[in-house]
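Student: generate coordinates for the sequence data below:
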Amino acid sequence: MQHAPDHHDYRALLERLDRWMEDARRRHPGVVPCRAGCTACCHGPFDVTVADAELLRAAVAALPPVEREAAVGRARRLMDAIRVLEPDWAPPYDVGGLGEERFDALSDALASEPCPLLGADGGCRIYASRPLVCRLIGLPLLGAAGRVIENACPIQDRFPAYASLAPQPFALEELEILEDECRRAAAGRLLGDPSREDYETTIAAVVASLEPPESG
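Tutor: Model (predicted):
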């Protein structure tokens, strides 16, 4: 990327994972259940990167007013529940500042809470702009250097052929280099400091910080 990458560039980068998933689905017809509309991994707080946060802000801002109001309201209610458990956690809600052990405990306590971006029909309101982790949670991945990301689908035991599927090859290292560029650029814009590229937060924290549309 010759220019400082923005959320459009980041979304295009994430779409490589969508194509990888679709290629695997074609190679293994009827085996991969992961698709739009499945909500098995869409519950509980989980960490998203600063590049994800910028993409989420843009995607939610572009929603129709009624959907945006619903998403912001749900995110604020989830943040209220989070503050009951972690009253000292404050903006910008940096997961690193909370610490891994406390964040894991928080995630476990709220594991059944739906993502604020899930619609009433169970569909993701911003599916095309969903975070990196949402695209990696299922199919096992094999990087060029032999690194493996295991299948973390919470319902894979219902699909034996899927659960036993070998990791699918993907140019992971190339994606991570470009992702680093996107995170640095996003940190500069959102946090005023590109060196905070490792900042992570939650979807609820991002969406709750947005203003709902003015009632008309």
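
Student: from here on, contacts and neighbour counts on C-alpha atoms
Tutor: Noted.

Student: residues contacting T49?
Tutor: Applying Cα atoms under 8 Å, 6 or more residues apart in numbering, we find T49 in contact with 183, 198-201.

Student: do you know the pLDDT at it?
Tutor: pLDDT, T49: 98.

Student: how close does the residue most central in space within the chain get to P45?
Tutor: Note on the chain: the residue nearest the mean C-alpha position is P131, at 2.8 Å, using Cα atoms, centre = their mean. To P45, P131 is 13 Å away according to Cα to Cα, to the nearest Å.

Student: same question for L14.
Tutor: Taking Cα to Cα, one finds L14 at 21 Å from P45.

Student: the two: who's more crowded?
Tutor: P45 (27 against 19; other Cα atoms under 10 Å).

Student: close enough to count as contact, the more buried one and T202?
Tutor: Yes - in terms of Cα atoms under 8 Å, P45 counts as a neighbour of T202; the distance is 6.2 Å.

Student: now the strands for the chain?
Tutor: Under the criterion DSSP state E, strands of the chain are mapped to 47-49, 141-142, 148-149, 168-169, 200-202.

Student: please work out which of these is packed deepest.
Tutor: Mean neighbours per residue, mean count of other Cα atoms under 10 Å, is largest over the strands of the chain for strand 200-202, with a mean of 23.

Student: pull up the pairing partners for that one, direction included.
Tutor: strand 47-49 (antiparallel) (DSSP bridges).

Student: how far does the strand it pairs with sit from the chain's center?
Tutor: 6 Å (Cα atoms, centre = their mean, to the nearest Å).

Student: same deal with stretch 11-29?
Tutor: For stretch 11-29, the distance to the chain centre is 16 Å (Cα atoms, centre = their mean).

Student: mind listing what's buried in that stretch?
Tutor: Within stretch 11-29, the residues that qualify as buried by neighbour count (16 or more other Cα atoms under 10 Å) are 11, 13-15, 17-18, 20-21, 24-25.

Student: of those, just say which sits nearest to L56.
Tutor: Each of the buried residues of stretch 11-29 was checked against L56 using Cα to Cα; the closest is R11, at 10.1 Å.

Student: helices of the protein, start to end?
Tutor: Assigned by DSSP state H, the chain shows helices spanning 7-27, 50-61, 65-85, 95-98, 100-109, 132-136, 160-163, 172-191, 203-208.
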